[in-house]
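1. Sequence and predicted model, in that order:
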Amino acid sequence: MTDGTVTLGPGAVVLGLESSCDETGVGLVRLTDGGGVELLGQSVASSQDQHSRFGGVVPEIASRAHLESMTATMHGAFTAAGLRPADVDAVAVTSGPGLAGALLVGVAAAKAYAAAWDVPLIGVNHLPGHVAADTLEHGPLPADTLALLVSGGHTQLLRIGSLAGDVVEIGTTIDDAAGEAYDKVARLLDLGYPGGPVIDRLAADGDPTAIRFPRGLTGASDDPYNFSFSGLKTAVARWVETARRDGREVPVADVCASFQEAVVDVLTAKTVRAATELGSRTVVIAGGVAANGRLRALAGERCAAAGVTLRVPRPGLCTDNGAMIAALGAHVYAAGVAPSAPTLGGDPGMPVARVVAA
């Protein structure tokens, strides 16, 4: 440590703690030569089943679930990694964005662990954390990587100069995120929560060309990098309501396949266009929706046709987890960072460009 800055090198172990929504995650990674990070072990506890009957995440339930599962999740991560607390060189925790109460539980726990182990602590941004998860599987990112971040509440195009602090948003949704549209269409079709996995599964048996649903913000005069899924959600609702009113059976698999095709068509077309126009030769797709099978397949086809390298983490690293926060923290510590102040708190509206909390 020099002038209050901590810089970690190869061999250092970073613990990451995630609690922004309904997953309590703890991960342990090690910095390697060449700027890489190696996943040593992780553990995730989810309160998703407790939220399903409400059709969405209930903040109070999520906060309580984090409290109840924190200790066991921490023990599980150390067991999976075969490490002890004395092996940890630094801690990183999600400081935002997310649910206020859920963030506070994770930040408070991280402060306590860092103080007890006498190691530095930094608060980091959940969103670039999703992108950092890919480096656990595919190595360091090339300069000027383009990232499509698609999670439950976010749909963004990001230029990644460096995960340590150079993240620029070039496009975002102007209304619903893609993940929100999945959840709302699933609720409309009585498919439960969360909507993404079940719609992806049912779509495999449907015809994606059966219904031509609209593609938002794809007109010649529309913003090329922003997204809109509110109109698509409404179009699906009207189509289903009309079918039910007319006494026709709703072809659920075809509706799912046609809706999903509209979503992934827009996501992949805008991503490849942005990569081509901005000169990015590598695209990373990250976030919970990146686990979607059709998105991964169509993105692969279109990136290959455009001569762009596509990287997508394995599904287990796409959803919220502590390993991605440990990975992001490791990249930040490797570049050198002043630890967060003891007053570190949660920031529900933390902008994506702010990688490290004050």
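-> Cool, the structure landed.
2. close enough to count as contact, Gly123 and Thr94?
-> Yes: in this structure, Gly123 is within contact of Thr94 by C-beta atoms under 8 Å, at 7.5 Å. C-beta here means a position set from N, CA and C on the backbone, and glycine is covered the same way.
3. what sits in contact with each of the two?
-> Common contact partners of Gly123 and Thr94 (C-beta atoms under 8 Å, 6 or more residues apart in numbering): Val107.
4. more crowded one of those two?
-> Neighbour comparison, Gly123 and Thr94: the larger count goes to Thr94, with 34 against 29 (by other C-beta atoms under 10 Å).
5. For that one, give me its contacts.
-> When contacts are counted by C-beta under 8 Å, 6+ apart, Thr94 touches 17-20, 103, 106-107, 123-126, 129, 325.
6. Please apply the same query to Pro339.
-> With C-beta under 8 Å, 6+ apart, Pro339 has these contacts: 4, 6, 120-122.
7. Just flag the most distant two among the residues you listed.
-> Spatial extent of the contacts of Pro339 (C-beta to C-beta) is set by the pair Gly4 and Leu121 at 13.3 Å.
8. Just want to know which of the two has more residues nearby.
-> Remark: of Gly4 and Leu121, Leu121 carries more neighbours, 25 against 9, as counted by other C-beta under 10 Å.
9. how about that one, phi and psi?
-> Dihedral angles of Leu121 (phi, psi; degrees, to the nearest 10) stand at phi -130, psi 140.
10. likewise Arg244?
-> With angles defined as degrees, to the nearest 10, Arg244 sits at phi -70, psi -40.
11. how about the strands in the stretch 251-358 of the chain?
-> 282-286, 309-311 (DSSP state E, counting those that start in this stretch).
12. Make JSON lines out of the ones you listed and add mean neighbour count, distance to Gly192 and mean pLDDT.
-> Formatted as JSON lines, those follow (neighbours: other C-beta atoms under 10 Å; distance: least, C-beta to C-beta, whole Å; pLDDT from 0 to 100):
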{"stretch": "strand 282-286", "mean neighbour count": "25", "distance to Gly192": "25", "mean pLDDT": "98"}
{"stretch": "strand 309-311", "mean neighbour count": "19", "distance to Gly192": "31", "mean pLDDT": "98"}
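13. Output the below-cut-off pLDDT ranges for this structure.
-> Across the chain, the ranges flagged by pLDDT under 70 are 1-2.
14. Nearest residue to the middle of it?
-> Nearest to the geometric centre of the chain sits Gly287, at 2.8 Å (C-alpha atoms, centre = their mean).
15. Now that residue: closest residue in space that isn't a chain neighbour?
-> Residue nearest to Gly287 in three dimensions, not counting chain neighbours: Ser151, with 3.5 Å by C-beta to C-beta, 6 or more residues apart in numbering.
16. Contact partners for the residue lying closest to Ala299 once chain neighbours are set aside?
-> In this structure, Ala299 finds its nearest non-sequential neighbour in Thr268, 4.8 Å apart by C-beta to C-beta, 6+ apart. Taking C-beta under 8 Å, 6+ apart, we find Thr268 in contact with 295, 298-299, 302.
17. Quick check, the residue nearest to Gly287 in contact with Val131.
-> No: contact between Ser151 and Val131 fails when scored by C-beta under 8 Å: they sit 11.0 Å apart.
18. Give the residues shared as contacts by these two.
-> Common neighbours of Ser151 and Val131 are not found (criterion: C-beta under 8 Å, 6+ apart).
19. burial count for Met74?
-> Close neighbours of Met74, defined as other C-beta under 10 Å, add up to 19.
20. Would you mind giving the secondary structure of it?
-> The three-state assignment at Met74 reads helix, by DSSP: H, G, I helix; E, B strand; the rest coil.
21. begin at 25 from here
-> Renumbered: residue one is now 25, and that last one reads Met98.
22. Quick check: chain neighbours aside, which residue is closest to it?
-> Val50 (5.2 Å).
23. Kindly report the same for Ile223.
-> In space, Ile223 is closest to Cys280, 4.7 Å off (C-beta to C-beta, 6+ apart).
24. Remind me which helix or strand the residue nearest to His99 when sequence neighbours are not counted belongs to.
-> Take His99 and drop its neighbours on the chain: the residue closest to it by C-beta to C-beta, 6+ apart is Ser67, 7.8 Å away. Assigned by DSSP states H and E, Ser67 belongs to strand 61-70.
25. Quick check: phi and psi on Ser71?
-> Main-chain dihedrals, Ser71, degrees, to the nearest 10: phi -100, psi 20.
26. got the contact list for it?
-> By C-beta under 8 Å, 6+ apart, the residues touching Ser71 are 46-48, 85-86, 89-90, 93.
27. which SSE is the nearest residue to Ser254 once chain neighbours are set aside in?
-> Sequence neighbours aside, Asp199 is the residue nearest to Ser254 in space, at 3.8 Å (criterion: C-beta to C-beta, 6+ apart). For Asp199, there is no host helix or strand (DSSP H and E).
28. Right, I'll leave it there.
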